[in-house]
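Q: Pasting a predicted model and its sequence here:
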Amino acid sequence: MNNKDKKQLKALATQMPSVIQIGKEGLSDAVIDSARAAITARELVKAHVLNNADLDTAETMETLADMLGAELVQVIGHYGVLFKKKKEKSHYDYIKE
């Protein structure tokens, strides 16, 4: 994915609500399962590391992206944006892998 594609995805993500919340238990099986379901359905998701979680946001987002086979688009504060393009019927056909 090139910088132009990332810029477009960042712009789309600014108005999105976070659909993944990571609490003090970190990347538990439940969080990973819900993140996998969300990214499969939506392709582009925003995750939030809650304030009560004693985790580094950037490290947590990188780990989650690796677990999901997704691309980490952006980390700002306690939020991260992940993207995983569908192989068929993607809403983001203009994004190169």
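A: That came through, no problem.

Q: any weak-confidence spans in the chain?
A: Of all residues in the chain, those with pLDDT under 70 make up the ranges 90-97.

Q: Residues contacting whichever helix in the chain runs longest, please?
A: Longest among the helix segments of the chain by residue count, using DSSP state H, is helix 29-42. Defining contact as C-beta atoms under 8 Å, 6 or more residues apart in numbering, one finds that helix 29-42 is touched by 19-23, 25, 45, 47, 64, 67-68, 70, 82-84, 86. For glycine as for every other residue, the C-beta is placed from the backbone atoms N, C-alpha and C.

Q: what two of these are the furthest from one another?
A: In these, two members sit farther apart than any others by C-beta to C-beta. They are 25 and 86, at 29.2 Å.

Q: These two: which has the busier surroundings?
A: When neighbours are counted by other C-beta atoms under 10 Å, residue 86 comes out ahead of the other of residue 25 and residue 86, with 14 against 11.

Q: Now stretch 46-58: buried residues?
A: Neighbour counts using 16 or more other C-beta atoms under 10 Å place 46-49, 53, 55, 57 of stretch 46-58 among the buried residues.

Q: Let's see which of those end up in strands.
A: If you go by DSSP state E, the buried residues of stretch 46-58 have 46-49 in strands.

Q: from what I can see residue 6 touches residue 74, true?
A: Yes: look at residue 6 against residue 74 with C-beta atoms under 8 Å: they come within range, at 7.3 Å.

Q: residue contacts, residue 62?
A: Residue 62 makes contacts with residue 72, as judged by C-beta under 8 Å, 6+ apart.

Q: Please report how far it lies from residue 42.
A: Going from residue 62 to residue 42 by C-beta to C-beta, to the nearest Å gives 20 Å.

Q: Measure how far stretch 16-26 is from the centre of its chain, please.
A: 10 Å (C-alpha atoms, centre = their mean, to the nearest Å).

Q: can you tell me the distance between the two ends of it?
A: Distance between the two ends of stretch 16-26: 22 Å, counting by C-alpha to C-alpha, to the nearest Å.

Q: Please list the outside residues in contact with that stretch.
A: Residues from elsewhere that reach stretch 16-26, judged by C-beta under 8 Å, 6+ apart: 31, 34-35, 38, 42, 44-50, 52-55, 60, 64, 79.
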